[in-house]
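Here is my input; please provide its structure:
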Amino acid sequence: MLLNPLDAVREDLKDNGIIPDVIPAEPPFHPKALLVVTFPNGQEALLGNTLTKTDTADEPTVVFTPVPDINDEATYTLVMTDPDAPSRENPKFREWRHWVVTGVKAPTTSAIESDNLVAQLTKSAVTPYHPPAPPPGTGKHRYVILLYQEPSVDFSIPADAPERKNEPANRKNWKAAGFADNYGLKLVGVNYFVVVGE
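Numbers count the residues shown, from 1 in each chain. Predicted coordinates for the structure are as follows:
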């Protein structure tokens with residue numbers, strides 16, 4: 001039996017441990033959008049493909065399919081996290097927060113008509129992009145990109161929130177699911193890629 005693309009994403013996330021390592025197994029996650037992540041050099045995240053530190057050195061662009069039954073004015077939060085810090089075998093720093101951006105908007109109708117499907121980042125990053133840098137000898141690290149629907153268009157992260165503390169020591173042992181629960185964010189799309197610490 002063939003799976004539709006969104007079901008295929010969910011199955012891949014389960015098969016590769018993103019569920020439950022980043023996304024809780026309960027309640028079951030049902031993707032609502034396909035998420036395309038492209039780095040400036042043209043490399044894309046393709047549900048677990050291997051990229052290099054060089055490929056992922058600069059902040060990517062994001063495209064996502066329209067989310068059914070959601071107002072066109074909806075805003076989203078984008079997160080990138082590493083559940084394999086410092087290694088998948090010893091994830092004592094799970095999760096390491098790499099990027100948090102709020103106020104992300106789907107492209108406007110006029111942009112879609114001109115084939116510009118890139119999501120609009122309307123605010124400065126809460127957690128500026130920190131490229132993958134898995135330590136040597138730590139094997140494969142999964143870098144998970146999560147797209148959450150925000151509870152309102154005026155959503156913002158408080159100035160004293162942990163997500164605004166961006167020294168390396170403040171980025172470890174963070175939990176995307178806890179962050180989402182805390183702010184009423186609803187997960188709608190996921191993608192991920194792998195970088196090997198060698």
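
can you pull out the helices in this structure?
All helices of the chain, identified by DSSP state H, fall at 5-15, 18-21, 109-113, 168-171, 176-183.

measure T127 to G137 for me?
Separation of T127 from G137 (Cβ to Cβ, to the nearest Å): 26 Å. The C-beta positions use only the backbone N, C-alpha and C, and glycine is treated the same way.

if I pick the residue nearest in space to the middle of the chain, what's in contact with it?
Residue closest to the mean C-alpha point of the chain, counted by Cα atoms, centre = their mean, is I145 at 1.8 Å. Counting by Cβ atoms under 8 Å, 6 or more residues apart in numbering, I145 touches 35, 37, 45, 62, 78-80, 190-192.

again, only this time at 10 Å
Applying Cβ atoms under 10 Å, 6 or more residues apart in numbering, we find I145 in contact with 35-37, 45, 60, 62, 78-81, 98-99, 189-193.

And for A176?
When contacts are taken as Cβ under 10 Å, 6+ apart, A176 is in contact with 22-23, 77, 79-81, 83, 95, 97, 100, 144, 146, 148, 185, 187.

how about low-confidence regions in this protein?
Under the criterion pLDDT under 70, the flagged ranges of the chain are 1-3, 69-70, 108-116.

if you go through it in chain order, where are the strands?
35-38, 44-45, 49-51, 61-64, 75-82, 96-105, 120-121, 139-149, 186-197 (DSSP state E).

And the ones you listed: which comes nearest N4?
Between N4 and the strands of the chain, the shortest separation by Cβ to Cβ is 14.4 Å, and it involves strand 186-197.

now that closest one: how far from the chain's centre is it?
5 Å (Cα atoms, centre = their mean, to the nearest Å).

Now it - C-alpha only, PDB.
Taking C-alpha atoms only, strand 186-197 is exported to PDB below (Å, rounded to 0.1, in the frame of the first residue of the first chain):
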ATOM      1  CA  LYS A 186       1.200  23.300  17.200                       C
ATOM      2  CA  LEU A 187       3.700  21.200  15.200                       C
ATOM      3  CA  VAL A 188       2.700  21.100  11.500                       C
ATOM      4  CA  GLY A 189       5.900  20.100   9.600                       C
ATOM      5  CA  VAL A 190       9.200  18.400  10.100                       C
ATOM      6  CA  ASN A 191      12.300  17.600   8.100                       C
ATOM      7  CA  TYR A 192      15.900  16.600   9.100                       C
ATOM      8  CA  PHE A 193      19.300  15.900   7.800                       C
ATOM      9  CA  VAL A 194      22.500  14.200   9.100                       C
ATOM     10  CA  VAL A 195      26.000  15.600   9.600                       C
ATOM     11  CA  VAL A 196      28.700  13.200  10.700                       C
ATOM     12  CA  GLY A 197      31.200  14.200  13.400                       C
END
